[in-house]
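Q: how does the following fold in three dimensions:
(one chain, ligands or ions: 2)
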Amino acid sequence: MPSSHSDTIAAVATPPGTGAIAVLRVSGPSAIDIACRLSGAGADAFAPRRTLLRPVLDGRGGQVDEAIYCFYAAPRTFTGEDLLEISCHGGLAAVRAVFRAVLDAGARPADPGEFTRRAFVNGKMDLAQAEALNQFIRARTETQMIAAKHTMDGALSRRVRESWEELTRIAAAVEASIDFPEDVDEPDREQVARDLRRAAGQIESALKLAVRGRLLSEGVRVAIVGRPNVGKSSLLNLLANRARAIVSEIPGTTRDFLEETIEMGGLPVVAIDTAGLRDTQDPVEREGTRRAMDTLRQADVVVLVMDARECVSDADCEALESARGRVVAVWNKMDLLDGAAPAGDSAAELEGTPRVRISAMTGDGLGDLEQAVLQRLGAGAGFFEEALAASERQVMALRQALEAAGAAAETALEPLALDLSAVHMQAARARLAEITGDSVTESLLDTIFSSFCIGK
Ligand SMILES: Nc1nc2c(ncn2[C@@H]2O[C@H](COP(=O)(O)OP(=O)(O)OP(=O)(O)O)[C@@H](O)[C@H]2O)c(=O)[nH]1
Ligand SMILES: [Mg+2]
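A: Ligands and ions are numbered 1, 2, ... in the order given. Okay, the predicted model is just below:
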């Protein structure tokens, strides 16, 4: 596909700051012309994919720096256009001077993500891959990086396209019977519904993997709650591996919540220490308890800490009730028990809730706690291996596509015309096409690429 851009863009592709080298990128039809002007060499000096050490000249014949030039000829380049990379010295002033010279030679500064946007427009990658590339660059953990790599390699796109093709096949048969009722028999409705459910199943499995990818990039929120003095702040400090929160033997030490980002099994986790849960007249502590309950309601997993020497209290029951299905119960201070079992472990209220025994003082049981938290998320071994990096927008589109495919299957069985089912199928296909960018508006592209770095 030929490039639709007539102008040439440039940007510094390396982060600002002082470094050994910096790389500038130039993409567009004038790339070779700019290379000649900057270097003083003729066009035939720039054999594609060969490096060339030459001066960088400003427009007045002065030398700004010396740099390695590498020219890539369209269409086999990242953007699909002629592309020039200039590796110059990495000082702030040097980079600024070289960039100035590049602009003077005929380029304009690139917008954020404009190189990748051109790659997309020129058919070098689809939109899901382009967005994954952004996530790959931003990945902070290995698991995030692997998920982004899967999607860059087309794992999400393939799944989405398969579902789209399946829906298109089903829709074609249905629409033919609607458009030409005399010539084309109505397809077997049971079969149509079955096919649609299968397509919905495919979308659902892509959605699951995409949601895992979101967990990976957004992180999960884990609230640490419990009565005063049970060791919540001690546990936060243990998880954070530093004295983040004040710990004291005085009940009611923590009065506000505090957050710390940690890693559990490759997953970014925001651990939130909260004020102890108790009835009190102190207005500040009351507000702390209210905030603790808010945190508990919004958390993905709630770690309910209890003193292993005590029984399950009313406050604990209330927390268990408000966070049903998301709680990991923790018996803390096991070091004080001399090997005995926690006093309240057989309480009926804890039935069905995973329980872990730890000592926030010695660190014993921390591994078990991490395992239990991951399990509560449904994140057992191998959970993230297949995760797909997806943006919030893509997850939303998959959800809507799934809903529409489900609605199409249902309406196919209703004793009405098949028109409505066809409308739902069309909606599902449109949502899927937005993910890969097979159908997408310019303003959506603006929104997506504006979140990229300059020079990407
Ligand atoms: N022996 C022992 N003491 C612990 C353990 N965990 C915490 N403590 C002690 O228990 C007391 C309370 O600990 P904190 O971490 O401040 O408890 P908290 O739940 O944050 O208390 P509030 O902020 O008041 O709600 C401190 O004196 C800690 O040293 C443990 O595992 N073993
Ligand atoms: Mg505390």
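
Q: most distant residue from the centre of this protein?
A: Glu182 (50.0 Å; Cα atoms, centre = their mean).

Q: from ligand 1, how far out is it?
A: Distance check for Glu182 against ligand 1: by Cβ to the nearest ligand atom, to the nearest Å, it reads 76 Å. C-beta: built from backbone N, CA, C; applies to glycine.

Q: would you list the phi and psi of that residue?
A: phi -70, psi -40 (degrees, to the nearest 10).

Q: need the contact list for it.
A: If you count contacts by Cβ atoms under 8 Å, 6 or more residues apart in numbering, Glu182 has none.

Q: what residues sit buried inside the longest helix seen in the chain?
A: Longest helix of the chain, by residue count under DSSP state H: helix 189-218. For helix 189-218, a neighbour-count test (16 or more other Cβ atoms under 10 Å) marks 189, 192-193, 195-196, 199-200, 202-204, 206-207, 209-217 as buried.

Q: other SSEs contacting it?
A: When contacts are defined as 3 or more Cβ pairs under 8 Å, 6 or more residues apart in numbering; DSSP states H and E, helix 189-218 packs onto helix 142-152, helix 155-179, strand 267-273, helix 392-412, helix 419-436.

Q: quick one: whatever helix or strand comes next after the shortest one near ligand 2?
A: Downstream of strand 267-273, the next assigned helix or strand under DSSP states H and E is helix 283-298. No - using Cβ under 5 Å from the ion as the criterion, no contacts between helix 283-298 and ligand 2 are found, and the smallest distance is 9.7 Å.

Q: toward the C-terminus from helix 283-298, list the very next helix or strand.
A: Next element after helix 283-298 (DSSP H and E): strand 301-307.

Q: and the residue nearest the centre of the chain, what does it touch?
A: The residue lying closest to the centre of the chain (Cα atoms, centre = their mean) is Ser217, at 3.8 Å. Going by Cβ under 8 Å, 6+ apart, Ser217 touches Gln135, Arg138, Ala139, Gln144, Ala147, Pro268, Ala389.

Q: list buried residues within the residues you listed.
A: Gln135, Ala139, Gln144, Ala147, Pro268, Ala389.

Q: how close does Arg393 sit to ligand 2?
A: 39 Å (Cβ to the ion, to the nearest Å).

Q: excluding its backbone neighbours, what's nearest that residue?
A: Among residues not flanking Arg393 along the chain, Ile448 sits closest, at 7.4 Å (Cβ to Cβ, 6 or more residues apart in numbering).

Q: and the angle for the strand or helix carrying the one you found with helix 392-412?
A: Ile448 is part of helix 442-450, with elements assigned from DSSP H and E. Put simply, helix 442-450 runs at 140 degrees to helix 392-412, going by axes from the mean of the first three to the mean of the last three Cα atoms, to 10 degrees.

Q: how far does helix 442-450 sit from its chain's centre?
A: 17 Å (Cα atoms, centre = their mean, to the nearest Å).

Q: cool, and stretch 112-124?
A: With Cα atoms, centre = their mean, you get 20 Å for stretch 112-124.

Q: cool, stretch 371-391 as well?
A: With Cα atoms, centre = their mean, you get 13 Å for stretch 371-391.

Q: can you check stretch 15-33 too?
A: 28 Å.

Q: got the buried residues for it?
A: Ala22, Val23, Leu24, Arg25, Val26, Ser27, Gly28, Ser30, Ala31, Ile32, Asp33.

Q: before we move on, the earlier item: and the helices and strands packed on helix 189-218 as CSV, adding mean pLDDT?
A: Output for these, formatted as CSV (pLDDT from 0 to 100):
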stretch, mean pLDDT
helix 142-152, 93
helix 155-179, 96
strand 267-273, 92
helix 392-412, 96
helix 419-436, 96
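
Q: leaving out chain neighbours, which residue sits closest to the residue of the stretch 1-150 of the chain found nearest ligand 1?
A: Using Cβ to the nearest ligand atom, the closest approach of the stretch 1-150 of the chain to ligand 1 is made by Thr141 at 27.7 Å. With Cβ to Cβ, 6+ apart as the criterion, Thr141 has its nearest non-adjacent residue at 5.7 Å, and that residue is Gly266.

Q: ditto for Arg159
A: Nearest one to Arg159, counting by Cβ to Cβ, 6+ apart, is Ala206 at 4.2 Å.

Q: the one you found and Ser157 touch, don't they?
A: No - counting by Cβ atoms under 8 Å, Ala206 does not reach Ser157; the two are 10.0 Å apart.

Q: neighbouring contacts of the strand or helix carrying Val56?
A: Assigned by DSSP H and E, Val56 belongs to strand 51-57. Residues outside strand 51-57 that contact it (Cβ under 8 Å, 6+ apart) are 37-41, 45-46, 63-70, 86, 88, 97-98, 101.

Q: swap the cut-off to 7 Å and go again
A: 38-41, 45-46, 63-70, 88, 98, 101 (Cβ atoms under 7 Å, 6 or more residues apart in numbering).

Q: kindly report the same for stretch 151-161.
A: For stretch 151-161, the surrounding residues in contact (Cβ under 7 Å, 6+ apart) are 126, 128-129, 132-133, 136, 202, 206, 210, 388-390, 432, 435-436.

Q: closest to Val301 out of those?
A: Closest approach to Val301 among these (Cβ to Cβ): Ala210, at 20.3 Å.

Q: and the pLDDT at the closest one?
A: Note on Ala210: pLDDT of 95.

Q: show me which residues of the stretch 151-300 of the chain are close to ligand 2?
A: So far as Cβ under 5 Å from the ion goes, the stretch 151-300 of the chain lies against ligand 2 at Lys232, Ser233, Thr253, Thr254.

Q: now the residues you listed in JSON lines, with neighbour count and secondary structure?
A: What follows is these, written out as JSON lines (neighbours: other Cβ atoms under 10 Å; DSSP: H, G, I helix; E, B strand; the rest coil):
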{"residue": "Lys232", "neighbour count": "31", "secondary structure": "helix"}
{"residue": "Ser233", "neighbour count": "25", "secondary structure": "helix"}
{"residue": "Thr253", "neighbour count": "16", "secondary structure": "coil"}
{"residue": "Thr254", "neighbour count": "23", "secondary structure": "coil"}
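
Q: those residues into a markdown table, with extra columns for pLDDT?
A: Below are those laid out as a markdown table (pLDDT from 0 to 100):
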| residue | pLDDT |
| --- | --- |
| Lys232 | 98 |
| Ser233 | 98 |
| Thr253 | 95 |
| Thr254 | 96 |
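
Q: thanks a lot, catch you later.
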